[in-house]
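Chemist: Here you go, sequence then predicted model.
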Amino acid sequence: MYLIFSLIFLFINTVNSQKNINYRWDNMLKKYVSVDGSVNYKNWKKEQNELKKYIKTLEENNPKNSWSKNDKLAYWINAYNAITIDLILQNFPVKSIKEIENRWGKKLYNNKYSLGDIEHKILRKMNEPRIHFAINCASKSCPKLLNESYTGRKLEEQLKEVTKAFLCNPKKNNLKNNDIYLSRIFLWFSKDFGTKKDKINFISKYSGIKFKNPKIRYLSYDWSLNN
């Protein structure tokens, strides 16, 4: 009985902790990000200090060993997206994140992790390919930035939502014919999606479209700012 109550307490404590950490981020996302993922950087820049406070809060509340995999994933997805937004605001106005020098390599988080570190050394190692549709690189061809914070409790639902939205967006993936045109995300991170058969099964699962030995081609990637 004691063990059951301890586990319940741990779960409630983790949920409340995430709420306390993410309330500021959640408010900003609802204020500056539209339902379709467009970001109002111009107005957000006026409130950049709030974003920096949120990032500071994240840095002071690193994931604990007791956290579930979903809680850890949600934490690092939020961290990646917040740091990306802050990087854009620091350099705004820019037309593309690619205009920013050393954008993936600069140690931006706790002077320890770069965006590249968070993506490749943390998130990708957690064996959840749908993270590629949750993290946002501030570009038009990226999956949309969700206008709410990710949480461990809702993560499965949120990952399903962003994955389906990305795959079913004809500007980002053309799945109408048996010759399918995919986002270059599936090319760049091909290992994360397995074999060609695995990749097709994944796309079928989230798009609801069945394919019979399709030929895969890749679309060009638009790096212009998602504003």
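Modeler: Thanks, I have it. Values in this document were obtained by computation on a predicted structure and should not be read as measured data.

Chemist: what about the residue nearest the centre of the chain, distance to residue 208?
Modeler: The residue lying closest to the centre of the chain (C-alpha atoms, centre = their mean) is residue 135, at 1.8 Å. Distance of residue 135 to residue 208, given as C-beta to C-beta, to the nearest Å: 24 Å. To be clear about C-beta, it is placed using only N, CA and C from the backbone, and glycine gets the same treatment.

Chemist: now residue 179
Modeler: 18 Å.

Chemist: and if you look at residue 184?
Modeler: From residue 184 to residue 208 the distance is 23 Å (C-beta to C-beta).

Chemist: Return the residues in contact with residue 47.
Modeler: Contacts for residue 47 (C-beta atoms under 8 Å, 6 or more residues apart in numbering) come out as 28, 31-32.

Chemist: in the chain, which spans are strands?
Modeler: Ranges of strands within the chain are 179-182, 215-218, based on DSSP state E.

Chemist: And the last one, how far out from the chain middle?
Modeler: So the one you mean is strand 215-218. 24 Å (C-alpha atoms, centre = their mean, to the nearest Å).

Chemist: Please apply the same query to the first one.
Modeler: Going by C-alpha atoms, centre = their mean, the spacing between the C-alpha centre of strand 179-182 and its chain's C-alpha centre is 23 Å.

Chemist: again with stretch 47-62
Modeler: 17 Å.

Chemist: neighbouring contacts of stretch 22-40?
Modeler: Residues contacting stretch 22-40 (C-beta under 8 Å, 6+ apart): 41, 43-44, 47, 50-51, 53-54, 57, 78, 82, 85, 136, 138, 143-149, 151, 226-227.

Chemist: Filter those down to just the buried residues.
Modeler: 41, 44, 51, 54, 57, 78, 82, 85, 136, 138, 143-147, 149, 151, 226-227 (16 or more other C-beta atoms under 10 Å).

Chemist: Of those residues, which belong to helices?
Modeler: 41, 44, 51, 54, 57, 78, 82, 85 (DSSP state H).

Chemist: So for residue 147, what's the nearest residue that isn't a sequence neighbour?
Modeler: Of all residues not flanking residue 147 in the chain, residue 33 sits nearest, at 4.0 Å (C-beta to C-beta, 6 or more residues apart in numbering).

Chemist: still on that earlier bit, do you know the pLDDT at the spatially closest residue to the residue nearest to the centre of the chain that is not a sequence neighbour?
Modeler: Excluding its sequence neighbours, the residue lying closest to residue 135 (C-beta to C-beta, 6+ apart) is residue 80, at 4.7 Å. Per-residue confidence (pLDDT) for residue 80: 96.

Chemist: shouldn't residue 80 be in contact with residue 117?
Modeler: No: Residue 80 lies out of contact with residue 117 (C-beta atoms under 8 Å); the separation is 9.9 Å.

Chemist: that older thread, for residue 185, see how far away the residue nearest to the centre of the chain is.
Modeler: Distance of residue 135 to residue 185, given as C-beta to C-beta: 10 Å.

Chemist: where do the contact lists of those two overlap?
Modeler: With C-beta under 8 Å, 6+ apart as the test, residue 135 and residue 185 both reach residue 143.
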